[in-house]
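S.K.: turn this into a model:
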Amino acid sequence: MLRSWSLVTADLSGTRLGAADGDDVARVLDRTLACRIGPIAWRVHRFEPRGASLVGVAERGRVIVHTWPERAQMTIDLYAELANVESALAASIQALLPTERAGRATVVFGAGSRRHRA
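M.R.: Model prediction:
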């Protein structure tokens with residue numbers, strides 16, 4: 001059976017992120033994405049002095065995150081078997097940004113979702 005998967009990328013910059021630690025980011029993304037793509041198994045790599053890269057694998061999706069706290073930047077890639085993958089990622093970004101700072105953040109989604117049949 002062929003399944004349709006989509007890829008969307010979001011680049012966040014210009015504000016301090018509420019969840020800067022890799023484990024905190026994984027917890028927020030678990031809370032916002034697991035109900036859509038299934039339970040997520042995470043691998044986290046921390047950089048010195050700060051920053052992290054995360055890879056999350058679920059039955060219906062993959063998540064890759066890179067953080068640069070010293071530059072107030074984060075990139076999230078979501079590759080998933082979802083009808084509207086961009087709205088799923090947007091909900092996760094809302095949860096990651098502190099409410100009082102969300103208006104100052106710049107969020108750029110990748111140029112269109114790429115569709116792939118697996």
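
S.K.: how close does His45 get to Thr9?
M.R.: 19 Å (CB to CB, to the nearest Å). No exception for glycine: its C-beta is placed from N, CA and C like everyone else's.

S.K.: of those two, which one has the most company?
M.R.: Neighbours were counted for His45 and for Thr9 using other CB atoms under 10 Å; Thr9 has more, 18 against 11.

S.K.: C-alpha coordinates for the helix or strand harbouring the more buried one, PDB please?
M.R.: Element membership of Thr9, judged by DSSP states H and E, is strand 4-13. Output of strand 4-13 as PDB, limited to C-alpha atoms (Å, rounded to 0.1, in the frame of the first residue of the first chain):
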ATOM      1  CA  SER A   4       1.700   9.800   1.100                       C
ATOM      2  CA  TRP A   5       4.300  11.500   3.200                       C
ATOM      3  CA  SER A   6       5.100  15.300   3.400                       C
ATOM      4  CA  LEU A   7       8.100  17.300   4.500                       C
ATOM      5  CA  VAL A   8       7.900  20.800   6.000                       C
ATOM      6  CA  THR A   9      10.800  22.800   7.500                       C
ATOM      7  CA  ALA A  10      10.500  25.700   9.900                       C
ATOM      8  CA  ASP A  11      13.300  28.100  10.800                       C
ATOM      9  CA  LEU A  12      12.700  30.000  14.000                       C
ATOM     10  CA  SER A  13      14.800  33.100  14.900                       C
END
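
S.K.: in its sheet, what does it sit against?
M.R.: Applying DSSP bridges, strand 4-13 is found paired with strand 73-80 (antiparallel), strand 106-109 (antiparallel), strand 114-117 (antiparallel).

S.K.: any low-confidence regions in this protein?
M.R.: 1-3, 15-20, 98-107, 109-118 (pLDDT under 70).

S.K.: give me the longest helix you can find in it.
M.R.: Across the chain, the longest stretch assigned as helix under DSSP state H is helix 22-37.

S.K.: what's the angle from it to strand 73-80?
M.R.: Counting by axes from the mean of the first three to the mean of the last three CA atoms, to 10 degrees, helix 22-37 lies at 30 degrees to strand 73-80.
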